[in-house]
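1. Have a look at this fold, sequence not included:
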């Protein structure tokens, strides 16, 4: 730096939250904390799967050939590649997923849902869906559910996910 920063430059003013805005924000924080916890508890109890493990199996089941590149799977599950690698290694040790080099580009590794993994997912899905229904779907009217999706999409549009890709 060739010159000293000016001391007379003021920091931007913070627009503090109103009491109503704080209450709304804290409701969102509680939802972000407790909803994943509740879903994870149900999956662990009923299927011996964590929420992210279930999400990985579900994403693989929806992919052509039940196969995805690890890097793509990391993006859609919002997991770092390192965290996903550890998770897939655990799933692999249980026979639910296998890994192999991508035949079209050996620099990449594919995760593949095994038949056993598909059966575990299929067995877990009814309880998981029932729990999601009881927590979110059935407590909102169809219009409230549409608004929730719209409002969530609006918030997501402002979240910078570029570091995840």
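-> Thanks, I have the structure now. Since the model is a prediction, treat every value here as computed from it, not as a measurement.

2. How far off centre is stretch 73-84?
-> Averaging C-alpha positions (CA atoms, centre = their mean, to the nearest Å) puts stretch 73-84 9 Å from its chain's average.

3. ditto for stretch 51-71
-> Put simply, stretch 51-71 sits 12 Å off its chain's centre (CA atoms, centre = their mean).

4. quick one: the helices in this protein?
-> In the chain, the helices defined using DSSP state H lie at 19-47, 51-62, 70-76, 81-93, 115-135, 142-156.

5. got the angle between the fifth one and helix 19-47?
-> In other words, helix 115-135. If you take axes from the mean of the first three to the mean of the last three CA atoms, to 10 degrees, helix 115-135 sits at 140 degrees to helix 19-47.

6. still on that earlier bit, and the helices of the chain, which is most packed in?
-> When the helices of the chain are scored by mean count of other CB atoms under 10 Å, the highest mean neighbour count falls to helix 51-62 (a mean of 20). Where C-beta positions appear, they are placed from N, C-alpha and C, glycine not excepted.

7. How about the contacts made by the nearest residue to residue 76 once chain neighbours are set aside?
-> Spatial nearest neighbour of residue 76, chain neighbours left out: residue 59 (5.4 Å); criterion: CB to CB, 6 or more residues apart in numbering. Residues near residue 59 by CB atoms under 8 Å, 6 or more residues apart in numbering: 68, 73, 76-77.

8. Among those residues, which one lies nearest to residue 106?
-> residue 68 (16.2 Å; CB to CB).

9. how close does the closest one get to residue 41?
-> Taking CB to CB, to the nearest Å as the criterion, residue 68 is separated from residue 41 by 27 Å.
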